[in-house]
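> Here is a sequence together with a model predicted from it:
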Amino acid sequence: MSSIEITKETYLQWYESMLLMRKFEEKAGQLYGQQKIRGFCHLYIGQEAVMAGAMSVLGPDDSMITAYRDHAHALARGMGANEIMAELYGKATGCSKGKGGSMHMFSKEKKFFGGHGIVGGQIPLGAGIAFAEKYNGTTNVCVCYMGDGAVRQGALNETFNMAMLWKLPVIFVCENNGYAMGTSVARTTNMVDIYKIGLGFDMPCAPVDGMDPVAVHNAMDEAVQRARRGDGPTFLEARTYRYKGHSMSDPAKYRTKEEVETYKAKDPIEVVRATIEEKKYANEAWFDQINEKVKAIVDESVRFSEESPWPDASELYEDVYVQSDYPFIRD
């Protein structure tokens, strides 16, 4: 059981948070179809419980890092919808000045360190952030998210070994949505229970129902407590599902309609809503109010992005590493 009680307020926050993630992503998909958003775009629709359950445990001084399916992570962490949508548009008002786009959300203030396009590239970085917290003598933790495809990268094994050896305050979370791009987990490994990778390093590890924020909350709380005590890392496999393809260019023909509908029947937003109704935490008027609030936030993010300026051409020379005396450049 969690040391952080799950209350009425927790459920209400989960519902609002997950609804914002869902509606934002649906709008992003629509705008991509209109070519307002270009480049890569990976939607999080269906996986919202993984974020909601974690955010009810983590504190503002804890850090997060993830892969390229990162819009909802940024929203859950408290970044504004305006700066996230503007980044998707490539506008100067975006959180990365319009230079990163969909895969590179970032906020120093919220301790959200990306958004990384290289598969598995964030895994050693997550351990590095945790090392910095330990070195500085804090009790803060870092949560490092990855997809099921990223666990096949060799850097994961090196990082797990180092994290256990140095007892780093890091929680590794594999968001296993069943497919690495279009390839099912069963086609890439003999060991489909991904969490068991942690056993080879004596790392505490467990599977978690990633469609249930309660299960995620409880598992995350145990892992966070362990890290704050100085007992080192945890590896969680959050078993979840994405309703859309890997990216907007993926028609997802490798899945059956029946499979998708099976997971939609346990949609985390609807499950949380049912609990709220059953426990009489809120009435229909509250749900209508939240729906309107979320719609207004998303609509405002679009208006803000449409009216924001493009980055100036001079920005090409900002935020880059430059060696002024580099000897091999000739005018």
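That came through, no problem.

> hang on, V57 is in a strand, isn't it?
No. Secondary structure of V57, determined by DSSP: H, G, I helix; E, B strand; the rest coil: coil, with no strand assignment.

> Show me which positions of stretch 52-65 end up buried.
Neighbour-count burial for stretch 52-65 flags 52-58, 62-65 (criterion: 16 or more other C-beta atoms under 10 Å). Every residue, glycine included, has its C-beta placed from N, CA and C.

> cool, stretch 26-34 as well?
27-28, 31-32.

> which residues touch the nearest residue to E87 once chain neighbours are set aside?
What sits nearest to E87 in space, not counting adjacent residues and going by C-beta to C-beta, 6 or more residues apart in numbering, is G94, at 3.0 Å. Neighbouring residues of G94 by C-beta atoms under 8 Å, 6 or more residues apart in numbering: 83-84, 86-88, 100, 308.

> how about the strands in the chain?
Assigned by DSSP state E, the chain shows strands spanning 63-65, 142-147, 170-176, 179-180, 183-184, 205-209, 234-239.

> now the fourth one, how far from the centre of its chain.
Offset of strand 179-180 from its chain centre (C-alpha atoms, centre = their mean, to the nearest Å): 16 Å.

> Contacts made by that strand with the rest, please.
With C-beta under 8 Å, 6+ apart as the test, strand 179-180 has contacts from 147-150, 152, 185, 188, 242, 246, 254-255.

> Centre of the chain to stretch 38-45, how far?
13 Å.

> Can you list the low-confidence ranges for the stretch 201-331 of the chain?
329-331 (pLDDT under 70).

> rerun that using 50 as the cut-off
Counting by pLDDT under 50, not a single residue of the stretch 201-331 of the chain qualifies.

> From D288, how far out is V170?
Separation of V170 from D288 (C-beta to C-beta, to the nearest Å): 41 Å.

> Looking at those two, which is more packed in?
V170 (30 against 10; other C-beta atoms under 10 Å).

> Quick one: residues contacting the more buried one.
126-127, 129-130, 141-144, 163, 227, 233.

> run the last query once more with 10 Å
Taking C-beta atoms under 10 Å, 6 or more residues apart in numbering, we find V170 in contact with 63, 65, 123, 126-131, 133-134, 141-144, 159-160, 163, 223, 227, 232-235.

> Spatially nearest residue to it (excluding sequence neighbours)?
Excluding its sequence neighbours, the residue lying closest to V170 (C-beta to C-beta, 6+ apart) is A130, at 3.6 Å.

> for A163, same thing?
Among residues not flanking A163 along the chain, P233 sits closest, at 4.4 Å (C-beta to C-beta, 6+ apart).

> Same question for L125.
Of all residues not flanking L125 in the chain, I65 sits nearest, at 5.9 Å (C-beta to C-beta, 6+ apart).

> again with M191
Excluding the flanking residues, the one nearest M191 by C-beta to C-beta, 6+ apart is I197, at 7.7 Å.

> residues touching the one you found, list them.
151-152, 156-157, 160, 172, 174, 189, 191, 203, 205, 235, 237.

> That one and A206: what is the separation?
Using C-beta to C-beta, one gets 12 Å for the distance from I197 to A206.

> any common contacting residues for those two?
Counting by C-beta under 10 Å, 6+ apart, the residues touching both I197 and A206 are 235, 237.

> just to revisit the earlier point, now the residue nearest to M191: how far from M181?
Distance from I197 to M181, by C-beta to C-beta: 20 Å.

> next one: V143
Counting by C-beta to C-beta, the gap from V143 to M181 is 24 Å.

> which of those two has more neighbours?
V143 (27 against 12).

> Please indicate which of the contacts of V170 are buried?
Buried, going by 16+ other C-beta under 10 Å: 63, 65, 123, 126-131, 133-134, 141-144, 159-160, 163, 223, 227, 232-235, out of the contacts of V170.

> roughly how far apart are I129 and I194?
From I129 across to I194, the span is 22 Å (C-beta to C-beta).

> next one: M21
Distance, M21 to I194, using C-beta to C-beta: 23 Å.

> swap in E83?
According to C-beta to C-beta, E83 stands 33 Å off from I194.

> just to revisit the earlier point, nearest to I297, of the contacts of strand 179-180?
Top of the list for closeness to I297, among those and by C-beta to C-beta, is R242 at 22.5 Å.

> could you list every residue that touches L43?
L43 sits next to 21-22, 24-26, 28-29, 32, 69, 71-72, 102, 242-248 when contact means C-beta under 10 Å, 6+ apart.

> Break down the stretch 51-200 of the chain into its helices, ranges please.
With DSSP state H, counting those that start in this stretch as the criterion, the stretch 51-200 of the chain has helices at 71-76, 81-89, 122-135, 154-165.

> which one of those helices lies closest to Q13?
With C-beta to C-beta as the measure, helix 71-76 is the member of the helices of the stretch 51-200 of the chain nearest Q13 (10.6 Å).
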